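> Next comes the sequence, and after it the predicted model I'd like to discuss.
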Amino acid sequence: MEIRDMESKDYPEIDRLMKELHELHVKGRPDLYTELEHPYSREEFEKIVSNPGIIAILAEEKSVVIGLCIGTLRKKSGMVEMKTMYIEDLIVDRNFRGKGIASQLYEEMEERGRNTGAKRLDLMVWEFNSDAKRFYEKQGMRPQRYIYEKEL
C-alpha cells in the first residue's frame, strides 16, 4: 500500500469513496443530509488538490484507491491563534477496513500537519458514528466540546 497526494486524475475514485462517506451521513442523519450524486463536484475537487492550505492524501493498492484523508490548515480566530490541522474527511473503502489503513492515513495527516507547524489536530464526528469515535480515541484524541441541538 502507498500513501500519496491526490491528483486531478483521482477524481472518479475519490468521488466513489466520498459517496460512501456521504451515504453514512445520510443514513445517520436523514434530517440534515440529502442524497447527492457527487459530494464534491469536479470543480470543488480541483480546488482541493490545488490549494496549498489543504492536504489531500489517499491510500492506494495496486492502482486502486482504497482510502482518503483531507485536512485543512486553519488558525483559531477568536481564540488563541494557533495553527491547526483540521481533518475534513477520512474514509477507507468498506472492503479494506480492519487492516490499519485508516490509522496510516491519520498518522500521515498528523505528521504532515506537524511539518507545516500545526500545533493541534481537530475534527468533528457525528454522535451516531460510534465507529469513528472509537477510532479517533484509539489515536489518542479526546472530546473537546459538545454541540447540542433541539428540534422546534
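That came through, no problem.
> I'd like the distance between V65 and A56.
Going from V65 to A56 by C-beta to C-beta, to the nearest Å gives 12 Å. Just so you know, the C-beta spots here come from the backbone N, C-alpha and C atoms, and that holds for glycine as well.
> Sorry, slip of the keys, the one I care about is L24.
Relative to A56, and taking C-beta to C-beta, L24 is found at 20 Å.
> what phi and what psi does the backbone show at D89?
The phi/psi pair for D89 (degrees, to the nearest 10) reads phi -140, psi 140.
> So the nearest residue to it once chain neighbours are set aside, which state does it fall into?
Leaving aside its chain neighbours, D89 sits nearest to I70 (4.5 Å; criterion: C-beta to C-beta, 6 or more residues apart in numbering). With DSSP: H, G, I helix; E, B strand; the rest coil as the basis, I70 sits in strand.
> is it true that I70 touches L58?
No. Using C-beta atoms under 8 Å, I70 is not in contact with L58; the gap is 9.4 Å.
> higher neighbour count, these two?
I70 (24 against 21; other C-beta atoms under 10 Å).
> Roughly how far does that one sit from E149?
From I70 to E149 the distance is 25 Å (C-beta to C-beta).
> Report the contact partners of the residue most central in space within the chain.
Residue closest to the average C-alpha location in the chain (C-alpha atoms, centre = their mean): D89, at 1.6 Å. Each residue near D89 by C-beta atoms under 8 Å, 6 or more residues apart in numbering is listed here: M18, L21, L68, C69, I70.
> again, only this time at 10 Å
Taking C-beta atoms under 10 Å, 6 or more residues apart in numbering, we find D89 in contact with 14, 17-18, 21-22, 39-40, 48, 56, 68-71, 123.
> Near S63, how many other residues are there?
Using other C-beta under 10 Å, the number of residues around S63 comes to 7.
> And L73, by the same measure?
A total of 18 residues lie near L73 under the criterion other C-beta under 10 Å.
> tell me the secondary structure for D10?
helix.
> from memory it sits against Y40, does it?
No. The pair D10 / Y40 is not scored as a contact, 11.4 Å apart, by C-beta atoms under 10 Å.
> pLDDT at F96, what is it?
F96 is assigned 96 on the pLDDT scale.
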